[in-house]
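1. sharing a sequence plus its predicted fold:
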There are 2 protein chains.
Amino acid sequence: MVNLDQREDKPPWLTVPVDGLSKFAPRPTGAGETFQLFRDGEPRTRASLVAATGQSRSTVAARIDALVGTGLLGPSGEADSTGGRPPATFAFRPHSRIVLGVDLGAHHARIGVTDLAGTVLTEHQQALDIADGPDAVMAWVRERGHRLIDDLGRPAADLAGIGVGVPGPVDHASGRPISPPIMPGWDGFDIAGRLGEEFRAPVVVDNDANVMALGEHRAIYPSEREMLFVKVATGIGSGIVMDGRLRHGAQGAAGDLGHLTVPGQEGVPCRCGNTGCLEAVAGVGVIAQRLREAGVGDGTVDSLLALVRSGDVTTSQQLRQSGRHIGVILANAVSLLNPARIVIGGVLAVASEQLIAGIREVVYQRSLPLATEHLVISTARAGSSAGIVGAATMVADEFLAPSAIEALITV
Amino acid sequence: MVNLDQREDKPPWLTVPVDGLSKFAPRPTGAGETFQLFRDGEPRTRASLVAATGQSRSTVAARIDALVGTGLLGPSGEADSTGGRPPATFAFRPHSRIVLGVDLGAHHARIGVTDLAGTVLTEHQQALDIADGPDAVMAWVRERGHRLIDDLGRPAADLAGIGVGVPGPVDHASGRPISPPIMPGWDGFDIAGRLGEEFRAPVVVDNDANVMALGEHRAIYPSEREMLFVKVATGIGSGIVMDGRLRHGAQGAAGDLGHLTVPGQEGVPCRCGNTGCLEAVAGVGVIAQRLREAGVGDGTVDSLLALVRSGDVTTSQQLRQSGRHIGVILANAVSLLNPARIVIGGVLAVASEQLIAGIREVVYQRSLPLATEHLVISTARAGSSAGIVGAATMVADEFLAPSAIEALITV
């Protein structure tokens, strides 16, 4: 699938070159564009579409018929009328298709089915090591995915696509992980090819921080134009929203701050081969290990969470210090990106105020005044389903794009 | 004026809420949208516009009449025809308005008049210290601006607007410099208000790195979607192009990397009040001073340029080391933004390969493999007019936006 952000960013007259016209020529405003009007969920009459598009009544009627034929649009009760027979109204039917959202972490996996509006219909989660490798993990996705769809009683043909988030860098064009430090065996693995063949549906893959950023942005801050979402887990990564959209950079690596060097920490080795990486000094696994060495907990993330809940002082201090390390990197990111809001996600951020307190302490101290004057740093609110919602949103956005709908009608 | 990037980024149906329709409703595709088709400079017939927009022949004819009335569109020779009377063709007339572009540096100033396509019609430059303060500098802009416009024989009414680049952070909404370290006396000064009153035209203000980034992007790399432009002068700053557009961040401070801390240089004081800032260890003035202390040159930028031209070894070493410092900061920016191209601008980058060699050395060593695999680092090519072209482009983009053209017609 093509890069959603790139495509939607362009004005419509740049998206599809029309023969005989230059690249600036618009294509005729077709059914795919007309459908976009319905994405807010509001019902509309034919007359309101005539007024909105400036197109003829017969053209509008033909486009509505075509959209109703796809199942994406349907009749919707009666509209207000000044008398006589009420005009027919039509509305988006998000439930007409389903999407499989897959959120793969370092040590857990979540999978869920949503409708085209990102509403979760059913979900399942369990402990699963990404390090078990692609065969084991893909088998789990296949087995669980089919079962969730079957349990809903939906035919396979209803599946609009599969969205997958993975805990490592993903080449955005091919959807393959590229040298992912905490995903042994996954380098270059064709996730989209494997799942596409299995489910006979399009697949979109992105790294988990981008996917969670998208989920948080859509669910909680849809009107925030400048936002940085930071996931603090075994790995540390971020998703960058600028001018209202998730930005991927040239290869999809934008936001990849887990392996930036924290000054003064150059002695700490990282599994990526470098030293002093943010992940190596502030990742969740590292914190748990360091506490175990200090005689607190058993080095697992579960024990770390138990320590947080019990209010252990050593744990609080450790989290605060990790927050400061993250803050050093984020202070630079704030000067460079000038976000209005930073959202800190991942299980620890939600469980403890200490991590975010350490981040705030350093960011407000180190960033430029103009960039921090109105900056808000807060905890993620979309909850554990953010990864599933974000993954499903990637798919729905592609599936409902004007050109995709045109193609659906032509078929 | 509103934020261009924010506005153009939205699909058309989000830009102008129409009464009685939701925010997703499109407005009727009006003359402003129709005009966008002509911005590539190609002539078009009424028939081709009917085909392109799906609108009726009478609607298209009315819109063309309205656009011709503004002077922005005019008849353009004859189109190819299969016989009979050739149909009338119309084309964009970029020369119908002029734009004043002002490029203010720390120690120089450039001012020029362009047409709406960014072609420079006349320009003037001279040594001028921004530290002379707003009154002196604004007086110079006023005097020179009027003279350039007069010399062209254009009436004041032809001025579409004034674009200004300044060497410091600018609040994007108000166009005022905010605590600019190398612009004493300018903090909060209302540049747009002063020049708008003087020239009776809209004014757009941005920092010089953003303005030069825009100029370089439009003139040299118009199809590059992911680009970081870095200006190395007395100050050091950058302009960020992501998904094809300049990104400003929440307050317009995005790209402001001159005061990020270079690890290991924390002992070096910066005029901003902090220590170890990139500008304080790698800015052009600092390099010139350091060379003077080493007994080479007289501490001025001119002497530094003379040393570069003479191939002085101490100067080469100093530039290479400055490049390395810049490289440390850019390596982080590369991991965060994942640009496909970094362009290094400013007089030193163009004069010497040593600076860029130092930058390349560190960026390729320190950044993540996925982000540097296809990364190109090159020298700015738009030349000394880049600031004027970029400043004029900001204005032309605002002036030619659909809603601005609609307003022009209504008036």
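-> The structure has been received and is ready for your questions.
2. tell me, how many residues neighbour the residue of the stretch 151-300 of chain A found nearest chain B?
-> Nearest to chain B, among the residues of the stretch 151-300 of chain A, is residue A:249, at 2.6 Å (Cβ to the nearest Cβ). All C-beta atoms are positioned from the backbone trio N, CA, C, and that covers glycine. If you count neighbours by other Cβ atoms under 10 Å in any protein chain shown, residue A:249 ends up with 24.
3. kindly report the same for residue A:46.
-> 18.
4. mind listing what it touches?
-> If you count contacts by Cβ atoms under 8 Å, 6 or more residues apart in numbering or on different chains, residue A:46 has them with A:57, A:60, A:61, A:64, A:87, A:88.
5. relative to chain B, how far out is it?
-> In this view, residue A:46 and chain B are 14 Å apart by Cβ to the nearest Cβ, to the nearest Å.
6. ok, residue A:95 next?
-> Distance, residue A:95 to chain B, by Cβ to the nearest Cβ: 19 Å.
7. phi and psi next, for the closest residue to that residue other than its chain neighbours.
-> If the residues on either side of it in the chain are set aside, residue A:95 comes closest to residue A:115, at 4.9 Å by Cβ to Cβ, 6 or more residues apart in numbering or on different chains. Here the main-chain torsion angles of residue A:115 (degrees, to the nearest 10) amount to phi -90, psi -170.
8. from what I see, residue A:170 and residue A:178 are in contact.
-> Yes: the pair residue A:170 / residue A:178 is scored as a contact, 6.9 Å apart, by Cβ atoms under 8 Å.
9. pick out whichever of the two has more residues nearby.
-> residue A:170 (27 against 21).
10. picking up where we left off before, any idea what the residue nearest to residue A:95 is bridged to?
-> Counting by DSSP bridges, residue A:115 forms beta bridges with residue A:98.
11. next up, the contacts around the residue nearest to residue A:321 when sequence neighbours are not counted.
-> Nearest non-adjacent residue to residue A:321, counting by Cβ to Cβ, 6+ apart: residue A:358, 6.5 Å away. By Cβ under 8 Å, 6+ apart, the residues touching residue A:358 are A:319, A:320, A:321, A:322, A:323, A:324, A:325, A:326, A:327.
12. same thing but 6 Å
-> By Cβ atoms under 6 Å, 6 or more residues apart in numbering or on different chains, the contact list for residue A:358 reads A:320, A:323, A:324.
13. of the residues you listed, closest to residue A:381?
-> Nearest to residue A:381, judged by Cβ to Cβ, of the contacts of residue A:358 is residue A:323 at 18.6 Å.
14. confidence score at the closest one?
-> With respect to pLDDT, residue A:323 scores 96.
15. for the helix or strand hosting it, packing partners?
-> In the assignment (DSSP states H and E), residue A:323 maps to helix A:313-337. In terms of contacts (3 or more Cβ pairs under 6 Å, 6 or more residues apart in numbering or on different chains; DSSP states H and E), helix A:313-337 is packed against helix A:278-282, helix A:284-293, helix A:353-366, helix B:313-337.
16. tell me which of those helices is the most buried.
-> helix A:278-282 (a mean of 26; mean count of other Cβ atoms under 10 Å in any protein chain shown).
17. contacts for that helix?
-> Counting by Cβ under 6 Å, 6+ apart, A:235, A:236, A:258, A:260, A:262, A:265, A:268, A:270, A:322, A:325, A:326, A:329 sit against helix A:278-282.
18. excluding residues flanking it in the chain, which one is nearest the second one?
-> The spatial neighbour of residue A:236 that comes closest, neighbours along the chain excluded (Cβ to Cβ, 6+ apart), is residue A:258 at 4.1 Å.
19. that neighbour should be in a helix, yeah?
-> No: in this structure, residue A:258 is coil, not part of a helix, as judged by DSSP: H, G, I helix; E, B strand; the rest coil.
20. so what's it up against?
-> A:235, A:236, A:237, A:278, A:279.
21. can you lay out these as CSV showing pLDDT?
-> Listed next are those as CSV, based on pLDDT from 0 to 100:
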residue, pLDDT
A:235, 89
A:236, 94
A:237, 95
A:278, 96
A:279, 93
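22. quick check: the residue of the stretch 301-411 of chain A nearest chain B.
-> residue A:338 (2.5 Å).
23. report the central residue of chain A.
-> A centroid search over chain A (Cα atoms, centre = their mean) returns residue A:211, at 2.3 Å, as the residue closest to the centre.
24. quick check, that residue in a strand?
-> No: assigned with three-state DSSP, residue A:211 falls outside any strand and is helix.
25. picking that back up, and the residue nearest to the residue of the stretch 301-411 of chain A closest to chain B when sequence neighbours are not counted, helix, strand or coil?
-> Leaving out its chain neighbours, the residue that sits closest to residue A:338 by Cβ to Cβ, 6+ apart is residue B:249, at 2.5 Å. Secondary structure state of residue B:249, per three-state DSSP, is coil.
26. so where's chain A shaky on pLDDT?
-> Counting by pLDDT under 70, chain A contains low-confidence residues at A:1-29, A:78-86, A:411.
27. could you break it into its assigned domains?
-> In terms of domains, chain A is parsed into A:4-92, A:96-212+A:387-399, A:222-380 (source: automatic domain parsing).
28. flag every residue of the stretch 51-200 of chain A that's near chain B.
-> For the stretch 51-200 of chain A, the residues in contact with chain B (Cβ under 6 Å from any Cβ of the partner chain) are A:52, A:54, A:55, A:169, A:178, A:179.
29. ok, which pair from the residues you listed is furthest apart?
-> The distance between the two most remote of those (Cβ to Cβ) is 51.3 Å, for A:54 and A:179.
30. export the helices and strands packed on helix A:313-337 as CSV, with columns for distance to residue B:291.
-> Below are these laid out as CSV (distance: least, Cβ to Cβ, whole Å):
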stretch, distance to residue B:291
helix A:278-282, 36
helix A:284-293, 44
helix A:353-366, 31
helix B:313-337, 6
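31. tell me where the stretch 1-150 of chain A has helices.
-> When assigned using DSSP state H, counting those that start in this stretch, the helices of the stretch 1-150 of chain A occupy the ranges A:4-9, A:12-15, A:31-36, A:46-53, A:57-70, A:134-151.
32. just the angle between the fourth one and helix A:57-70, please?
-> Just to be clear, that refers to helix A:46-53. 110 degrees (axes from the mean of the first three to the mean of the last three Cα atoms, to 10 degrees).
33. now do the buried residues in helix A:46-53.
-> Using 16 or more other Cβ atoms under 10 Å in any protein chain shown as the test for burial, helix A:46-53 gives A:46, A:48, A:49, A:50, A:51, A:52, A:53.
34. for residue A:89, see how far away the last one is.
-> Using Cβ to Cβ, to the nearest Å, one gets 16 Å for the distance from residue A:53 to residue A:89.
35. and if you look at the fourth one?
-> Relative to residue A:89, residue A:50 is positioned 14 Å away (criterion: Cβ to Cβ).
36. the residue lying closest to residue A:277 once chain neighbours are set aside: neighbouring residues, count only.
-> Residue nearest to residue A:277 in three dimensions, not counting chain neighbours: residue A:270, with 3.8 Å by Cβ to Cβ, 6+ apart. Residues lying near residue A:270 (other Cβ under 10 Å) number 20.
37. torsion angles phi and psi at residue A:270?
-> Backbone torsions for residue A:270, taken as degrees, to the nearest 10, come to phi -120, psi 150.
38. from residue B:182, how far off is it?
-> Distance from residue A:270 to residue B:182, by Cβ to Cβ: 38 Å.
39. residue A:188 too?
-> 48 Å.
40. ok, the residue of the stretch 301-411 of chain A closest to chain B - contacts?
-> Taking Cβ under 6 Å, 6+ apart as the test, what residue A:338 contacts is A:371, B:249, B:250, B:251, B:253, B:254.
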